[in-house]
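S.K.: need a 3D model of the following:
(chains A and B)
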Amino acid sequence: MTAIDVILRAFLFVIILFVTAKLLGKKHIAQLSLFEYIAGITLGDIAGEVILSSTLKIHHGILGILVFGIISYLADVISLKSKTLRNVIEGTGTVLVEDGKLLEENLKKEHYTIDDFSTLLRQKDVFDLSEVDYAVLEPKGMLSVLLRKENRPLTPKDLNMKMPKEKAPQTIIMDGNIIYDSLKKAGKTAEWLQLELDKLGVTLDNVFLAQVNSYGELAIDIFDDKIKLATPQERPLLLATIKRVQSDLEMFSLQTDNKDAKEMYSRNAKKMTEIQELVKIYLEN
Amino acid sequence: MTVASNVKQMLASLKGIESQLSTFAINSMDEEAQRKFHEAMVMVGEIKNDIQLRVYALEREENEYSSS
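M.R.: Alright, predicted model coming up:
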């Protein structure tokens, strides 16, 4: 067995493992179930052994990987079809806390000590058991925790705040190259992009990253970190202008002696307030 | 500063708001945002017309004072 042999075998098995992992899919990388965990370590072990051993034959190694790959694949297909088999193959979660009460029986059944459980809780940033409403030990040994309502993070919904719907920003320039697919998704053209870049005073090949947000505003990062670029301010500015005009209208309605004009100003001041309410959620932040 | 020039200044602000709203109505990707911006734009347009009429009236009054 020479060094060349090891190199060649290593290359071969990298390719085989890569193809196997690709075919088995993302689920195996995440190793969500017991089975994928076993398959994961065994595939790696077979490859490692065969690469370094002169007595083991290459095709035996390939055969071993193939068998494990096929069994894993079949297990995936079967568990898609049958719920009972899925429970056997992938395992089920164990409820450890229900209605805020720790279920000691289930803890014992999983061979978890109270210290193990506390560690898992702390990893979830929970230090106080009384904050937990419900907790499940997942098949792969992770703990999922549902906190009591009063201990959950505050959301806009809790405050009855209306939030605008926002689309994910599209990355339209990477490393000075335009990503045309994203540009199309954002509903923009190359001409528009050129115009926006001109406005900011940068050329395309100076741009490392550019994203366009839900409001069609462009945010860019350029290669030269010393240069400071203006961030989009149009939306807050627009809101400020609307507020100013609204107060102007109110002031004019107080100042004028003309009865018709007074009525017109105060009517429009009210309308301006309506407009402000209409677009406020989109212009803030 | 006369009253007319103050009102005119506000008219210019209104025009600016209207054009900005129309830009956002076109550029926004969310349909609801587009609709809200458009609605606001139309309303600003109505206010703008009222103020425009007021500006004409004020100009007329000022001309009468200066000519008499």
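S.K.: in the helix or strand where B:E61 lies, what counts as buried?
M.R.: Taking DSSP states H and E as the criterion, B:E61 maps to helix B:31-67. Residues of helix B:31-67 classed as buried by neighbour count (16 or more other Cβ atoms under 10 Å in any protein chain shown): B:33, B:36-41, B:43-44, B:47-48, B:50-51, B:54-55, B:58. For glycine as for every other residue, the C-beta is placed from the backbone atoms N, C-alpha and C.
S.K.: can you pull the contacts of the residue of chain B found nearest chain A?
M.R.: Of all residues in chain B, B:N27 sits closest to chain A, at 2.6 Å by Cβ to the nearest Cβ. When contacts are counted by Cβ atoms under 8 Å, 6 or more residues apart in numbering or on different chains, B:N27 touches A:Y215, A:G216, A:E217.
S.K.: get me the contact residues on chain B for chain A.
M.R.: B:3, B:6-7, B:10, B:13-14, B:16-17, B:20-21, B:23-24, B:26-30, B:32-33, B:36-37, B:39-40, B:43-44, B:46-47, B:50-51, B:54, B:57 (Cβ under 8 Å from any Cβ of the partner chain).
S.K.: phi, psi of the one residue in the stretch 101-250 of chain A that gets nearest to chain B?
M.R.: For the stretch 101-250 of chain A and chain B, the shortest gap (Cβ to the nearest Cβ) falls at A:G216, measuring 2.6 Å. When read as degrees, to the nearest 10, the backbone of A:G216 gives phi 80, psi 20.
S.K.: count the neighbours of it for me.
M.R.: Counted by other Cβ atoms under 10 Å in any protein chain shown, the residues lying close to A:G216 total 21.
S.K.: so it makes contact with A:K188?
M.R.: Yes. Here A:G216 reaches A:K188: they are 7.3 Å apart, a contact under Cβ atoms under 8 Å.
S.K.: residues contacting the residue of the stretch 1-150 of chain A found nearest chain B?
M.R.: Using Cβ to the nearest Cβ, the closest approach of the stretch 1-150 of chain A to chain B is made by A:K26 at 28.5 Å. If a contact means Cβ under 8 Å, 6+ apart, then A:K26 has no contacts.
S.K.: so what pLDDT did it get?
M.R.: At A:K26, the model reports a pLDDT of 81.
S.K.: repeat that for A:P139.
M.R.: Looking at A:P139, its pLDDT reads 83.
S.K.: that one against A:I89, yeah?
M.R.: No. Using Cβ under 8 Å as the test, A:P139 is too far from A:I89 to be in contact (9.8 Å).
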